[in-house]
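Novice: please find the sequence and the predicted model below.
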Amino acid sequence: MSTIKSNLPRRAAWALFIASAVGIALYSAPPYMTLDPTLSKIPLNREHLSHLFWISVHGVPASLGLLIGPFQFLAGFRNRFPRGHRNLGRVYVVAIVIGSIAGFVSALMSTSGIPAQVGFVLLAISWLFTIWKGYQMARERRFAEHRVWMIRNYALTFAAVLLRGFLGIGSMAMAIWPQSTFSDIYTASVWSSILISALLAEWLFVSRYPRRQD
């Protein structure tokens, strides 16, 4: 009984983690599957007619990656269905590669201002780099290092969830501090979501992960 009780916080945290990732993924993707500009949740740059296209090519694969990621970290699934883990992993890699390249392009067209654009550009580059390292480690069968790099990569993917949360908190903060603008809140949310997600992943998982080879 004591073991069950001691595992409850961890199970609750995992449930919240999975639910938030799945929820944001299912919420974010549908508007961009139609290429209907009226459904875009991101302001479009009217000077670049392809802006919606690039946002969509970024958003749909990124949502797929966000949806797949949590299940790849479940040891039970990984051990019972190794082929399923590998196949989902390949889908995840393709989704992140496409999403990161399209994210880089769409960031250059963004109307959110230079500080937020820089954040998105650096995110796209880091996203692509970490997925390449994770894939490389898997190919070399260095599975412990593979998991570390995939933790880092998914932390960047999960920044999309934190971004929505911070924007919600920021909207409430604007009611308390009316001098704040949405641009201020958005820029702060972009950078906070990226940095906090990456730092928490390093602190909670990477720093405690055994550096042995499987």
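Specialist: On my side now, so go ahead. Residues are numbered from 1 along each chain as shown.
Novice: per-residue confidence at S207?
Specialist: At S207, the predicted lDDT confidence score is 85.
Novice: quick one: contacts for it?
Specialist: By C-beta atoms under 8 Å, 6 or more residues apart in numbering, S207 lies in contact with nothing. C-betas here are computed from N, CA, C, even on glycine.
Novice: likewise for I196?
Specialist: For I196, the contact set (C-beta under 8 Å, 6+ apart) comprises L162.
Novice: could you redo the last one with a cut-off of 10 Å?
Specialist: In this structure, I196 makes contact with A155, A159, L162, F166, judged by C-beta atoms under 10 Å, 6 or more residues apart in numbering.
Novice: turn these into TSV, including distance to W132.
Specialist: Output for the contacts of I196, formatted as TSV (distance: C-beta to C-beta, whole Å):
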residue	distance to W132
A155	16
A159	18
L162	23
F166	28
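Novice: list buried residues within those.
Specialist: Listed as buried from the contacts of I196 are A155, A159, L162, F166; burial here means 16 or more other C-beta atoms under 10 Å.
Novice: state the pLDDT value of the first one.
Specialist: Read it as A155. pLDDT at A155 comes out at 97.
Novice: again with the second one
Specialist: Note for A159: predicted pLDDT of 97.
Novice: what about I176, how many residues close to it?
Specialist: Residues near I176, counting by other C-beta atoms under 10 Å, number 7.
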